[in-house]
Structure formats: C-alpha cells, structure tokens
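> how does the following fold in three dimensions:
(2 chains, ligands or ions: 4)
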Protein chains: 2
Amino acid sequence: MDLENTDAPPARTIRVELGARAYDILIGPGLIASAGLEIALRLKGRRMAVVTDENVAPLYLPSLLESLSAQGIEATPIILPPGEKTKSFDHLVPVVESIIGARIERNDAVIALGGGVIGDLTGFAAGIVRRGSRFIQIPTSLLAQVDSSVGGKTGINSPQGKNLVGVFHQPDLVLADTSALDSLSPREFRAGYAEVAKYGLIDRPEFFTWLEAHWREVFAGGEARIEAIAASCAAKAEVVVADERENGRRALLNLGHTFGHALEAATAYDSARLVHGEGVSIGMVLAHRFSARMNLAGIEDAERVERHLRDVGLPTRIGEIPGPALQPERLMDAIAQDKKVKGGQLTFILTHGIGQSFIADDVPASEVLAFLTEQLDAKGATRA
Amino acid sequence: MDLENTDAPPARTIRVELGARAYDILIGPGLIASAGLEIALRLKGRRMAVVTDENVAPLYLPSLLESLSAQGIEATPIILPPGEKTKSFDHLVPVVESIIGARIERNDAVIALGGGVIGDLTGFAAGIVRRGSRFIQIPTSLLAQVDSSVGGKTGINSPQGKNLVGVFHQPDLVLADTSALDSLSPREFRAGYAEVAKYGLIDRPEFFTWLEAHWREVFAGGEARIEAIAASCAAKAEVVVADERENGRRALLNLGHTFGHALEAATAYDSARLVHGEGVSIGMVLAHRFSARMNLAGIEDAERVERHLRDVGLPTRIGEIPGPALQPERLMDAIAQDKKVKGGQLTFILTHGIGQSFIADDVPASEVLAFLTEQLDAKGATRA
Ligand SMILES: NC(=O)c1ccc[n+]([C@@H]2O[C@H](COP(=O)([O-])OP(=O)(O)OC[C@H]3O[C@@H](n4cnc5c(N)ncnc54)[C@H](O)[C@@H]3O)[C@@H](O)[C@H]2O)c1
Ligand SMILES: NC(=O)c1ccc[n+]([C@@H]2O[C@H](COP(=O)([O-])OP(=O)(O)OC[C@H]3O[C@@H](n4cnc5c(N)ncnc54)[C@H](O)[C@@H]3O)[C@@H](O)[C@H]2O)c1
Ligand SMILES: [Zn+2]
Ligand SMILES: [Zn+2]
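Ligands and ions are numbered 1, 2, ... in the order given. The predicted structure is shown next:
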C-alpha cells in the first residue's frame, strides 16, 4: 500500500497468546517509520502520548511523530532524561499527569520509545492511568527488544531496591525496529546480547550453539540479527504465556540474575563500572560454575559459556569489574535482600548443563558464600 | 476457641467468586477485635502493615494491633491525615516506601483500616508494591463497608480529576465490623446510606421496599443494620463477579454518580458543602426525574425515591446545597469531563422505574442541559 516501504523485508511477527490480552511483536528494519500504519491497523485510538528519553528523541522521535501524523494520529511527546534514575516516582508522577493532560481515552494509547528504562516507566504509567490504558512498546535498545518490552512487567525503583514498585501491564503491540540498534553503543549492544545468550542457556541448547557460530553476523546486523531477536522474543513469549505472573517457570528468566543483581547493588548501580547485561553475563558464568561445584553440571559447560561470552566482549569474572575490589560478604548481603529469597533459604536458577536450567529453592547460603570467596580469591588470575 | 468472643453473634460471610482471586467478606460486630484470628485462619503471612487515618487510629488501631499480636502477627502502623486530599501521590509515595520498609513479603499483607479514602489509597499501594501484595480491607465507614471495600477498584486523585490514577487489585479478605459504625458522625452514616439505597434502585426493588420499612432500625444499629450491609455487599459482589473490569454491567453502580460527581466538582469537593454520598443522593433523584422527563419511567417513582431519601435526612435537590447557587453550564462542563463520556455523546445510568436501571449511551447533551436548567430554576421551591 505504500511504495516507499517495499524495499524493506517484511517484518517477522510473533504472537503472544495471552487470551483477551494477546498481542503481536513485530521485528524488522524500518518499523519506526511505519509505526503509524501498524498502529492504525490494530488500534482505534487517534490520540497518543509518546514517552522517550533525551538520547533517543533526536534520533527517532521526528520519524515516529511523522508516521503517526500520516495516519491522523495526534501525538503528545514527553521527553525524559536518560538513565536508570529516571525509573523513580519523581519522574513517574509528571509523566502520569502529562498522559492525563493529553486526554488519552479508552481506545487511545501511550507509546514507549526507548530502552528498558523508558519501557518500564511508561508501561507503569499506562498501567495506572484510568486503572489501565492501552500501551505500545517501541524498544530501541537490544535489551529492550529481546527482554524488557515483552511480558508485561513494568515498574520503577524504590530507594530501597530495584523494580520494587510496579504492575503487570501487557502491551497491545511491540514494534522492534532493528535498524534503531545501529545507533546503540557497542557496550549497550553487548549488554543486551547477554540476555539473548540467556535464552539459549535456559532451555534452548541448539540456539546457544547457533549463537556460537553466528554471533559475528548478529553483531554486524542484517538477517542473523533479526533471527536472533525473533528467537529471543519467541522464547520469552513462550515462558510468559505459560506463567504470566511468575508463580513458577517464569523465574527461569532470572538465570544469572541473582548474582548479577548482587553485583549491580555492590557497585551501587554505577554504570561506569557495570551495566545490567554485564552483571548478567558474569552472573550466568557464576551460575554455571556454582552448578558444577555442586556436582549438578560438568565444568566444561561453564567453560564453554564463559568462552562464548568472552568472545563477544562481555565480562565474565567479578575481578574484571573496574574500581575497588568487591567483598564476598557484601555480595551475600545483596543476595539476601534480593526478592527471590524465601524464609531464609536461597532460591537460585541453577543448571544441569547448557540449556538445562532449573529452579533450586534450597541452596545453602554457606555454599554460596564459600563459592564467592573462592571466585574473588581467584580474581581474574585464571583469566586467559 | 476464644471464650471472649462467644457473646457476639457469628459474622455473616459473603464470598466474592472471582476464581483464583475469590475472597470472603465478613460482616458483623466485634470483627476488629477478632481480626487477628480471621486473618490467621486465611493467610500464612506473619508481618503486616496497617494503614489508617488520624480519626480512626485512636478508636480502633490499638484493638486491631492487639488482636494481630495475639496471633503472632507483627504489624507496622502507618497513620495518615484524614480526608479526600490524602488520596494523592504526595501521600501514596511515603506509604509505598513504608510498606517496603516493613519488609512485607509474598504471604504477608497490607491492611487498610478506615473509610474509603484509606481503602482506596492503601489498596493502590498494595497493588503496586512488588507488582501486587496481599491486601486486607477493614472498612470503618458505612460507605466503605457497603461499597468501596468490595470490588477491587483502588486509586488516588489527580489534580485533573478524581480517581484518575489506580489499579484493579482485589482484597484477600474484607472485615466489616459493624460496631465501628457507632462512632461515625450521623452525616457520614447518612452519606453511606445513599449507596445502600442505590443497590435497591439499580435492580433490587424488593430491597428498596424493605429499606423504606426498616431504615430506622438500620440507622439504630443491630440486626437490621447488619442485614442491610450484607445485602449491599452481596449486590455489589454479584455485579463485580459478572464484570470485574467494568466493560459493561458494572457501570450500573454509577447510578446517580454522573450528576453526583458533577455536583462534587462544581462545589470544589468542599465537604462542608457536599460529601460524596449526598451528591449521590441528589444524583439518584435527578436520574429518576430525568428518566421521567424522557418518558422512560413514571414520575411517581422519582417522587418515591425522593421521599425515602428525604426521610432519612439526605439532601435530594441541588438547591439544598449550601453556598453560592450552582450554574447549569458549570454542571454540564463537569459532566462532559467525567470519564463516562464517549466520543462526545453522554453515557448515563437511567431507569425504567425503581429497581429497573440501565445503561444509556446516547443521551443528548441538550436534553440534560435543559433539564438541569429547569431543576435549578425550581430550586427547592417545590421542596415540601
Ligand atoms: N520489564 C522487564 O521485564 C525488564 C527486563 C529486563 C530489564 N528491564 C529493565 O530495563 C532497564 C535496562 O534497559 P536498557 O538496557 O535498554 O537501558 P536504557 O533504557 O537506560 O538504555 C540504555 C542507554 O541506551 C540509550 N539508547 C536506547 N536506545 C538507543 C538507540 N537506539 N540508539 C542510541 N542510544 C539508545 C538510552 O538513552 C540509554 O542511555 C533496566 O531498568 C532494567 O531493570 C526490565
Ligand atoms: N473503590 C471504590 O469502589 C469506591 C467506591 C465508592 C467510593 N470510593 C471512595 O471512597 C471515598 C469516600 O469514602 P468515605 O466516605 O468512607 O470517606 P473517608 O474515608 O474520608 O471517611 C469519612 C470520614 O469518616 C471518618 N471515619 C471513618 N470511619 C470512622 C469511624 N468508624 N468512626 C469515626 N470516624 C470515622 C474518616 O476519618 C473521615 O473523616 C472517596 O474517596 C471515594 O472516591 C471508592
Ligand atoms: Zn535482565
Ligand atoms: Zn459512590
């Protein structure tokens, strides 16, 4: 219907089958420029609020607004400072008031254009305006495209901890424009890649093997990148459909995250030292090494995981984190404060090998402490 | 099991059949003093946060805390100023942080002890802490016992309008202690009674007839009061089970509320002039009179409704509201801003007679304006 778009390959579509709340994830290049059309095909509303950040706005907001306006959709932009600190009540409250002020009604929608920070905050705002407004995710970071934009977890941080305040609010549509990733910094791209590898490690060993063979093409862009993002979204969608509210299996998505979150907390969420995906990378290697130490898996698997993550340029050892050395006791404190702790005993995602992860809810804290102490003593010493 | 409690009649129980989110409403005297027991019977958690207001705290907080502590439940009280202004982000944020600080985990709960203001704010806070925490309602006003504590609508006000921010979050238990109503001011009791009468007017004509015969006993306390509260909760529960998210029938609960909200807005939510239930009382009479004017119902029904509400001491005419006279255009503006307006046309709950209300989504604004102008000209002139 639009000759300008015929040069772009058609987008992949993944349907998240959540009954009355089912929605499509579209993955492909040029989706921001055709967002107006995709939205108009699916939603009746003609008034939208677009929330984005100061880094993303100059790059993609004009093209999004133009494509909305071409479909007769009137959009109100709301631009926030970039960074994790934006995920706070201080920014949520004015966003909520701006959305109400934009007179978004039942069929209208709130659009998040940006990384996971913008997606989480905007989804939460959409979830509470009029007890739930329609919501569209246009993720622009790799992490947001393969993880945070899918599944309906939204929220902000509390001074007392990350993601402690929020709601489950599924989007009505996700548009993952893979061309937007070209402007992402290599470090942010790698961080998002840790979550891509995670899906292989959880329960798709053949996907992990494919990544080992094709990661260079994924980093270069083109078909392999689209393929990797689509496979990741499909993996996440499957888990979310099986267990939307994380009463069970969805917890597998936290592979590497208990250790990872502890590392983020111990480095005070200082992105100069560690970003989330880097913490997940180190955390996944630790989860595999700890599983080997508990005689649950062979050490070769841990080494294979580490080799791949190191190949793509991700950190894999605690000792690689720049700045003052981390103390095992400080990490244990952070683990104990993590929400995946029940009645004193530790819940971890452990593994029987690549693609064979499972939920272990009886991990002795003493073993974890002993393991961390060993890891910190070894400290990059065994680094190749 | 507790000899002290054997003198109180057993509480009535109404089950709200919402599948995985089903819960009990208990109605009867002395339930605050036995709250610990009722909670311990149903929830595993042994840590609770109790949110209440400065009026209710001195009256009922000590007895609640004592009954919780007798069951080994450790409770953190959070006391807020009373009044509608408390339903704001300014109070929500510290409540959320206090709940997190009280280390409420999966099986623990947040308790609301107070009127609708405390219930709405606390339910919202519980709904967003860790993306949804357990929640117990202990309503202490008549309005909260028969209306706001049941059904899962929670939220706060925006400077741009009432109840514009919130979530659906069902409680896990509702304890309506009817003895707590003895300390309620007569004006607040009457205001809550307007909502009781509303259930009869919506679709239970025999309940309305019963109220006409027994309202003095309801006001005096005892069995008839418990009966009226239980009948109201049962009526509300039925509607909520049929249409939890207000996609249809639940809108009937707004009988009298479009006019009522407009009156509240036009008097700037000044409770010295008008409280919510008083607005609903006048609004229900207006809805019946307007239905008669549209030849949908006989005028005798409107007169019968007005007679009953006037008998119990509620205002029934716009002209009875103290302060400067209200202008019909100002009321129309407020109606147009109400969220029950779709694409320019007005949605109203109208009626074919007592207990025969229905949703009308094609009410011409011109008719409403003409009607309000008439009513304001008549202004208490026809008041007996
Ligand atoms: N909701 C979930 O299920 C879920 C899952 C995982 C992570 N998260 C959350 O996601 C957040 C992290 O997401 P993130 O890594 O996308 O962080 P982010 O949103 O901070 O984005 C990272 C940086 O990249 C910039 N950026 C984004 N897209 C860009 C582009 N196309 N070109 C240039 N710059 C761009 C941003 O401005 C930012 O500076 C965390 O808050 C985390 O808690 C949520
Ligand atoms: N969530 C819903 O479905 C729903 C439905 C209807 C109304 N509401 C909301 O409920 C609120 C009104 O509720 P309300 O009328 O209970 O107001 P409220 O909570 O302000 O209580 C009225 C007054 O009575 C006092 N009080 C409460 N219990 C008392 C007692 N036992 N003894 C002495 N004083 C007592 C309070 O401190 C307050 O001053 C409004 O904000 C309205 O929007 C919500
Ligand atoms: Zn992650
Ligand atoms: Zn009401």
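> only C-alpha atoms for contact and neighbour calcs from this point on.
Fine.
> list the contacts of the helix or strand harbouring A:Gly123.
Take DSSP states H and E as the rule and A:Gly123 turns out to sit in helix A:116-128. Here helix A:116-128 makes contact (CA atoms under 8 Å, 6 or more residues apart in numbering or on different chains) with A:51-53, A:82-84, A:86-88, A:92, A:95-96, A:110-113, A:132-135, A:137, A:139, A:141, A:143-144, A:148-149, A:152-156, A:166-169, A:171, B:165-167.
> against which helices or strands is the helix or strand that it is followed by packed?
Counting by DSSP H and E, the element after helix A:116-128 in chain order, helix or strand, is strand A:134-139. Strand A:134-139 makes packing contacts with strand A:109-114, helix A:116-128, strand A:173-177 when contacts are defined by 3 or more CA pairs under 8 Å, 6 or more residues apart in numbering or on different chains; DSSP states H and E.
> shouldn't A:Ala302 be in contact with A:Gly283?
No - applying CA atoms under 8 Å as the test, A:Ala302 and A:Gly283 come out as separate, 11.4 Å apart.
> neighbour count: these two, which is higher?
A:Gly283 (26 against 22; other CA atoms under 10 Å in any protein chain shown).
> that one contacts A:Ala262, doesn't it?
No - between A:Gly283 and A:Ala262 there is no contact, the gap being 9.0 Å when judged by CA under 8 Å.
> let me know the pLDDT of the residue in the stretch 201-350 of chain A positioned nearest to ligand 2.
Using CA to the nearest ligand atom, the closest approach of the stretch 201-350 of chain A to ligand 2 is made by A:Arg245 at 23.8 Å. With respect to pLDDT, A:Arg245 scores 90.
> who's in contact with the residue of the stretch 151-300 of chain A found nearest ligand 2?
Among all residues of the stretch 151-300 of chain A, A:Val167 sits closest to ligand 2, at 18.0 Å; criterion: CA to the nearest ligand atom. Neighbour list for A:Val167: A:124, A:127, A:153-155, B:127-128, B:130-132 [criterion: CA under 8 Å, 6+ apart].
> tally of neighbours for whatever residue of the stretch 101-250 of chain A ends up closest to ligand 2?
Of the stretch 101-250 of chain A, the residue with the smallest distance to ligand 2, taken as CA to the nearest ligand atom, is A:Arg131 at 11.3 Å. A:Arg131: 20 surrounding residues under other CA under 10 Å.
> what does A:Gly323 give?
Using other CA under 10 Å as the criterion, A:Gly323 is surrounded by 10 other residues.
> where's it relative to A:Gly256, distance?
Noted for A:Gly323: a distance of 22 Å to A:Gly256, by CA to CA, to the nearest Å.
> tell me which parts of the stretch 1-150 of chain A are close to chain B?
When proximity is defined by CA under 8 Å from any CA of the partner chain, the stretch 1-150 of chain A lies next to chain B at A:89, A:93, A:97, A:100-101, A:127-132.
> repeat that for the stretch 151-300 of chain A.
By the rule CA under 8 Å from any CA, the part of the stretch 151-300 of chain A lying against chain B is A:155, A:158, A:160, A:163-168.
> drop anything exposed from the residues you listed.
When neighbours are counted using 16 or more other CA atoms under 10 Å in any protein chain shown, these contain these buried positions: A:155, A:158, A:163-168.
> just those: which are in strands?
A:158, A:163-165 (DSSP state E).
> just give me the closest of those to A:Lys236.
Distance to A:Lys236, by CA to CA, is smallest for A:Asn163 among these, at 19.0 Å.
> name the nearest residue to the closest one, sequence neighbours excluded.
With CA to CA, 6 or more residues apart in numbering or on different chains as the measure, A:Asn157 is the residue that lies nearest to A:Asn163, at 4.5 Å, once sequence neighbours are left out.
> contacts only, for that neighbour.
Under the criterion of CA under 8 Å, 6+ apart, the neighbours of A:Asn157 are A:87-88, A:163-165.
> next one: A:Ala234
Contacts for A:Ala234 (CA under 8 Å, 6+ apart) come out as A:Ile14.
> likewise for A:Leu64?
Taking CA under 8 Å, 6+ apart as the test, what A:Leu64 contacts is A:32-36.
> pipe the residues you listed into JSON lines and attach pLDDT and neighbour count per row.
Supplementary listing: those in JSON lines, determined by pLDDT from 0 to 100; neighbours: other CA atoms under 10 Å in any protein chain shown:
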{"residue": "A:Ile32", "pLDDT": "98", "neighbour count": "29"}
{"residue": "A:Ala33", "pLDDT": "98", "neighbour count": "20"}
{"residue": "A:Ser34", "pLDDT": "97", "neighbour count": "21"}
{"residue": "A:Ala35", "pLDDT": "98", "neighbour count": "22"}
{"residue": "A:Gly36", "pLDDT": "98", "neighbour count": "21"}
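> near ligand 1, from those?
The overlap between the contacts of A:Leu64 and the neighbourhood of ligand 1 (criterion: CA under 6 Å from any ligand atom) is empty.
> secondary structure for these - can I get that in CSV?
Supplementary listing: these in CSV, determined by DSSP: H, G, I helix; E, B strand; the rest coil:
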residue, secondary structure
A:Ile32, coil
A:Ala33, coil
A:Ser34, coil
A:Ala35, helix
A:Gly36, helix
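> out of the residues you listed, flag the one nearest to B:Phe371.
Comparing every one of the contacts of A:Leu64 with B:Phe371 (CA to CA), the shortest separation belongs to A:Gly36, at 43.0 Å.
> so which helix or strand takes in the spatially closest residue to that closest one that is not a sequence neighbour?
In this structure, A:Gly36 finds its nearest non-sequential neighbour in A:Leu68, 4.1 Å apart by CA to CA, 6+ apart. Secondary-structure element containing A:Leu68, defined by DSSP H and E: helix A:56-69.
> between that helix and strand A:134-139, how big is the angle?
Orientation of helix A:56-69 against strand A:134-139 (axes from the mean of the first three to the mean of the last three CA atoms, to 10 degrees) gives an angle of 130 degrees.
> distance check, A:Glu97 against A:Asn157.
If you measure A:Glu97 against A:Asn157 using CA to CA, the figure is 19 Å.
> ok, A:Ala197 - contacts?
Contacts here follow CA under 8 Å, 6+ apart; on that basis A:Ala197 touches A:208, A:211.
> now the helices for the stretch 251-384 of chain A?
With DSSP state H, counting those that start in this stretch, the ranges of helices along the stretch 251-384 of chain A come out as A:257-266, A:276-293, A:299-311, A:328-337, A:365-378.
> hmm, who's touching the last one?
Meaning helix A:365-378. Residues external to helix A:365-378 that are found in contact with it (CA under 8 Å, 6+ apart): A:290, A:318-319, A:326-329, A:332, A:345-346.
> what mean pLDDT does that helix have?
Averaging the model's pLDDT scores along helix A:365-378 yields 90.
> in that helix, what's buried?
Residues of helix A:365-378 classed as buried under the neighbour-count rule (16+ other CA under 10 Å) are A:365, A:368, A:371-373, A:375-376.
> same check on stretch A:103-123?
Using 16+ other CA under 10 Å as the test for burial, stretch A:103-123 gives A:104-105, A:108-123.
> same question for stretch A:187-206.
By neighbour count on 16+ other CA under 10 Å, the buried set for stretch A:187-206 is A:188-205.
> just the C-alphas of that stretch, formatted as CSV.
The C-alpha coordinates for stretch A:187-206 follow below in CSV (Å, rounded to 0.1, in the frame of the first residue of the first chain):
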residue,chain,number,x,y,z
ARG,A,187,28.8,-1.7,25.0
GLU,A,188,25.0,-1.4,25.3
PHE,A,189,24.6,-3.8,22.4
ARG,A,190,26.9,-6.4,24.1
ALA,A,191,24.9,-5.9,27.3
GLY,A,192,21.7,-6.8,25.5
TYR,A,193,23.4,-9.7,23.9
ALA,A,194,23.9,-11.3,27.3
GLU,A,195,20.1,-11.7,27.5
VAL,A,196,20.0,-13.2,24.0
ALA,A,197,22.5,-15.8,25.1
LYS,A,198,20.5,-16.4,28.3
TYR,A,199,17.5,-17.9,26.3
GLY,A,200,19.9,-20.5,24.9
LEU,A,201,21.3,-21.3,28.3
ILE,A,202,17.9,-21.6,29.9
ASP,A,203,16.3,-24.3,27.7
ARG,A,204,17.4,-23.9,24.0
PRO,A,205,20.9,-25.5,23.7
GLU,A,206,20.6,-25.5,19.8
